[in-house]
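Chemist: Sequence first, then the predicted structure:
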Amino acid sequence: MAKLKTGDMMPDISFVTATGKESSTHKVLDKDTFFMVLRYIGCTICRYDVHLLETRYHEFKRKNAQVFVVMQSSPGNVMEDVKEKKLPFEIICDPELVFYKELGIPSARDVNELAPPEVMDALMEKIGKAASLGIVHGKYEGIEEQLPAMFLVGKDRKIKYANYARNIIDNPGIAEMLGML
């Protein structure tokens, strides 16, 4: 599928969450909704992003918005990773890469495109912050070179914002996401 842009309609994609809930994109669009498309739950950067979202999710709720995290991970691996933690948002499990294909989210050609030299300082800083919280790499899953993406969709199903990351850290942060609401 071609990449989505502002004003396009969000396709209706069926999904299953890590907690076993079945739904679709159109069924959950009752408020402004972010789809934060990451790699997999074992990825240090992805784990850190999930942690940051968890700590500030109440701010999305205050703005009457929600966030779904999409990962290549299996439900079992996500549940094993988050253990007894009750996340305030759902993780969509997409080991078949349906979201990635439907939304036209590419993979990097190689590790140098995923993490090019010009982002290494910022990447290492993010990894350091994750490590200071005890967040380390877990199980590998899916496509290692998968690029992330971010979509903000209104309840009218129209894309308000679309970002196809050029590298592993080229996605808006939590503060930037909140500023879009």
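Modeler: Done, it's in. Numbers count the residues shown, from 1 in each chain.

Chemist: Please enumerate the strands of the chain.
Modeler: 14-17, 22-24, 32-37, 65-71, 90-93, 149-153, 159-164 (DSSP state E).

Chemist: Include distance to residue 105, mean pLDDT and mean neighbour count when you put those strands into JSON lines, please.
Modeler: C-beta here means a position set from N, CA and C on the backbone, and glycine is covered the same way. What follows is the strands of the chain, written out as JSON lines (distance: least, Cβ to Cβ, whole Å; pLDDT from 0 to 100; neighbours: other Cβ atoms under 10 Å):
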{"stretch": "strand 14-17", "distance to residue 105": "15", "mean pLDDT": "96", "mean neighbour count": "16"}
{"stretch": "strand 22-24", "distance to residue 105": "18", "mean pLDDT": "97", "mean neighbour count": "12"}
{"stretch": "strand 32-37", "distance to residue 105": "6", "mean pLDDT": "98", "mean neighbour count": "23"}
{"stretch": "strand 65-71", "distance to residue 105": "9", "mean pLDDT": "98", "mean neighbour count": "22"}
{"stretch": "strand 90-93", "distance to residue 105": "13", "mean pLDDT": "97", "mean neighbour count": "23"}
{"stretch": "strand 149-153", "distance to residue 105": "5", "mean pLDDT": "98", "mean neighbour count": "23"}
{"stretch": "strand 159-164", "distance to residue 105": "6", "mean pLDDT": "98", "mean neighbour count": "18"}
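
Chemist: Adding distance to residue 83, write these out as CSV.
Modeler: Putting the strands of the chain into CSV (distance: least, Cβ to Cβ, whole Å) gives the following:
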stretch, distance to residue 83
strand 14-17, 16
strand 22-24, 23
strand 32-37, 21
strand 65-71, 16
strand 90-93, 13
strand 149-153, 26
strand 159-164, 30
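
Chemist: For the closest residue to residue 22 other than its chain neighbours, list each beta-bridge partner.
Modeler: Once flanking residues are discounted, residue 22 sits nearest to residue 16: 5.4 Å by Cβ to Cβ, 6 or more residues apart in numbering. Legend: beta-bridge partners of residue 16 under DSSP bridges are residue 22, residue 93.
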